[in-house]
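Turn this into a model:
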Amino acid sequence: MIELHTWRTPNGRKISIMLEEIGLPYSVHTVNIETGEQHRPEFLAISPNNRIPAIVDPDGPDSAPISLFESGAILVYLANKTGKFLPGEPTRHYDVMQWLMFQMGGVGPMFGQLHHFKRAAPEKLDYPLERYEREARRLYGVMNTRLSEVPYLAGDEYSIADIATYPWVARHDWQGIDLTGFPAVKRWFDGIGARPAVERGYKVPA
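You can find the predicted model right below:
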């Protein structure tokens, strides 16, 4: 059984959604980042960057245990382990990878900064709020253009790129973004949110 070390964040929910989608048994180990549990030595042993999520798979490559941190790396690992949501055909494979990197390098960091300055910063500063909201809207525009052409971010098939991006879009209210202004994103978001595995995974940890 895979150990999932996680908390209620978009990055954490990527992995619980993926585990629900692929159907592998897993146990949930909460890491309360609000009380500093991510700095405990036992967690740092598997996630040296003291960030969730992390997994421990006792049945890793060559049947040896493996631990992994970084949500994108974990998604790729689980996709390769099960042969799901990451095509093997080269062109389609790299279509998925580029949209996964779009999330990892753009959507996550920019939306996360907007969340921070809107909700957590002790002082509301105009410059970072305007900067990150403008960038968030630009990224929504990129997604909206793409999703006006294809059903999913990487094309015709649901993939780890969608799994990675959905939990960040799910916090559009935190960002002050109305999805009605991005109709293709809203269509995509509503469809993915209706998947039973996504509904289950998004609630982890309870």
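
all helices for this structure, in order.
Ranges of helices within the chain are 10-22, 41-44, 71-82, 90-102, 108-115, 126-147, 160-169, 172-175, 183-193, 196-202, based on DSSP state H.

low-scoring stretches of this protein, by residue?
Applying pLDDT under 70 to the chain flags no residue at all.

Assess the claim that residue 47 and residue 4 are in contact.
No - counting by Cβ atoms under 8 Å, residue 47 stays clear of residue 4, with 11.8 Å between them. Quick note: C-beta positions are derived from backbone N, CA and C, even for glycine.

Who has more neighbours out of these two?
Comparing residue 47 with residue 4 by other Cβ atoms under 10 Å, the one with more neighbours is residue 4, at 25 against 19.

Find the centremost residue of the chain, please.
residue 164 (3.2 Å; Cα atoms, centre = their mean).

ok, how many other residues are close to the residue nearest to residue 67 when sequence neighbours are not counted?
Distance criterion Cβ to Cβ, 6 or more residues apart in numbering; nearest residue to residue 67, sequence neighbours excluded, is residue 46 at 4.1 Å. Per other Cβ under 10 Å, the neighbour tally for residue 46 reads 16.

OK, contacts around residue 180?
When contacts are counted by Cβ atoms under 8 Å, 6 or more residues apart in numbering, residue 180 is found next to residue 186.

tell me the phi and psi of residue 33?
phi -70, psi -10 (degrees, to the nearest 10).

should've said residue 89
Dihedral pair for residue 89: phi -60, psi 130, per degrees, to the nearest 10.

Tell me how far it lies from residue 155.
Distance, residue 89 to residue 155, using Cβ to Cβ, to the nearest Å: 11 Å.

Now residue 169: closest residue in space that isn't a chain neighbour?
residue 189 (5.3 Å).

So that neighbour sits against residue 165, correct?
No - Residue 189 is beyond contact range of residue 165, at 9.3 Å (criterion: Cβ under 8 Å).

Of the two, which one has the most company?
Neighbour comparison, residue 189 and residue 165: the larger count goes to residue 165, with 29 against 20 (by other Cβ under 10 Å).

With adjacent residues omitted, what lies nearest to the more buried one?
In space, residue 165 is closest to residue 103, 4.6 Å off (Cβ to Cβ, 6+ apart).

what does residue 156 give?
residue 150 (6.4 Å).

so that neighbour sits right up against residue 158, yeah?
No - here residue 150 does not reach residue 158: they are 11.2 Å apart, not a contact under Cβ under 8 Å.

Between the two, which is the more surrounded one?
Neighbours were counted for residue 150 and for residue 158 using other Cβ under 10 Å; residue 158 has more, 20 against 14.
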